[in-house]
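[1] Provided below for reference: sequence and predicted model.
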Amino acid sequence: MKKHYYLIVDTETTQKNTVADFGAVVVDRQGNIIEQFGVLLDGHFGTVELFHDTKAPSDSFWSTMMLHRRKKNYDQLLANGQRSICSVALVNLWLTRIKAQYNPIVTAYNIAFDLGKCRTTGIDLGIFENSFCLMKKAQKHFVNQDYIDFCHANGFLTAKLKKPSTTADTMAKYILGTDLIDEPHTALEDARDYEAPILTALLSTLSRKKLLAL
């Protein structure tokens, strides 16, 4: 039987809607991490301000006040060798090799967002034949009464409407348990530690064909 692979992509962006932090993992349907890749984009990271919301409350992760802490975290990742500065061209070379070696199906938790930001930056995800939105598939498959009760019991509700959250962080905690630390919003870790378990949970009950058709 032919083995199928999945490429999960995540991005963290700049105020100019380009990619500052690119992360991706190749997984099989059992959730095994076959390859992982996390880089900061030359000409974008450290050159253009990281995305932030000037209207967000000061304690919000995306607030202007949090920018210094986020930058410090990236500096630490660079210092300890967990990240390197990489050109867009090298990201595309890596993607070309992944396509040739695994021919994976591409997904992202909000694929329209990530595809758009990658396109703006020059990262070519269009080389892959099949893709789907992991968020939409997870919402359709997991959001039932049990999930709604879980969100209310743990306070995982949207800020404005107080409806059950369907973020990758909440979905991953529903699957893995509430002891899971909050999503760090760094691309590789988000893809590997939050989005990959969501995909694995979907694939434990759905065939590839059903997943793409769901």
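    Thanks, I have the structure now. Residues are numbered from 1 along each chain as shown.

[2] Would you mind listing the buried residues in the helix or strand harbouring M171?
    Using DSSP states H and E, M171 falls within helix 168-176. Judged by neighbour count (16 or more other C-beta atoms under 10 Å), helix 168-176 contains these buried residues: A168, D169, T170, M171, A172, K173, Y174, I175. (Glycine included, C-beta is placed from N, CA and C.)

[3] Then stretch 104-123?
    For stretch 104-123, burial by neighbour count (16+ other C-beta under 10 Å) applies to 104-111, 113-115, 117-118, 121-123.

[4] And D114, how close does it get to A187?
    Distance of D114 to A187, given as C-beta to C-beta, to the nearest Å: 9 Å.

[5] joint contacts of these two?
    Residues within reach of D114 and of A187 at once, by C-beta atoms under 8 Å, 6 or more residues apart in numbering, are D10, T11.

[6] Can I get the buried residues of helix 168-176 in JSON lines including distance to L95 and pLDDT?
    JSON lines is the format used below for those (distance: C-beta to C-beta, whole Å; pLDDT from 0 to 100):
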{"residue": "A168", "distance to L95": "22", "pLDDT": "98"}
{"residue": "D169", "distance to L95": "26", "pLDDT": "98"}
{"residue": "T170", "distance to L95": "29", "pLDDT": "98"}
{"residue": "M171", "distance to L95": "26", "pLDDT": "98"}
{"residue": "A172", "distance to L95": "25", "pLDDT": "98"}
{"residue": "K173", "distance to L95": "30", "pLDDT": "98"}
{"residue": "Y174", "distance to L95": "31", "pLDDT": "98"}
{"residue": "I175", "distance to L95": "28", "pLDDT": "97"}
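
[7] Which one of those residues is nearest to P57?
    Checking those against P57 with C-beta to C-beta, the nearest one is D169 at 18.0 Å.

[8] S165: neighbouring residues, count only.
    Other residues within reach of S165, judged by other C-beta atoms under 10 Å, total 18.

[9] For the closest residue to it other than its chain neighbours, give me its contacts.
    Leaving aside its chain neighbours, S165 sits nearest to F156 (4.5 Å; criterion: C-beta to C-beta, 6 or more residues apart in numbering). Under the criterion of C-beta under 8 Å, 6+ apart, the neighbours of F156 are F150, P164, S165, T170, K173.

[10] go on, Y74?
    Counting by C-beta under 8 Å, 6+ apart, Y74 touches D21, L40, F45, R83, T186.
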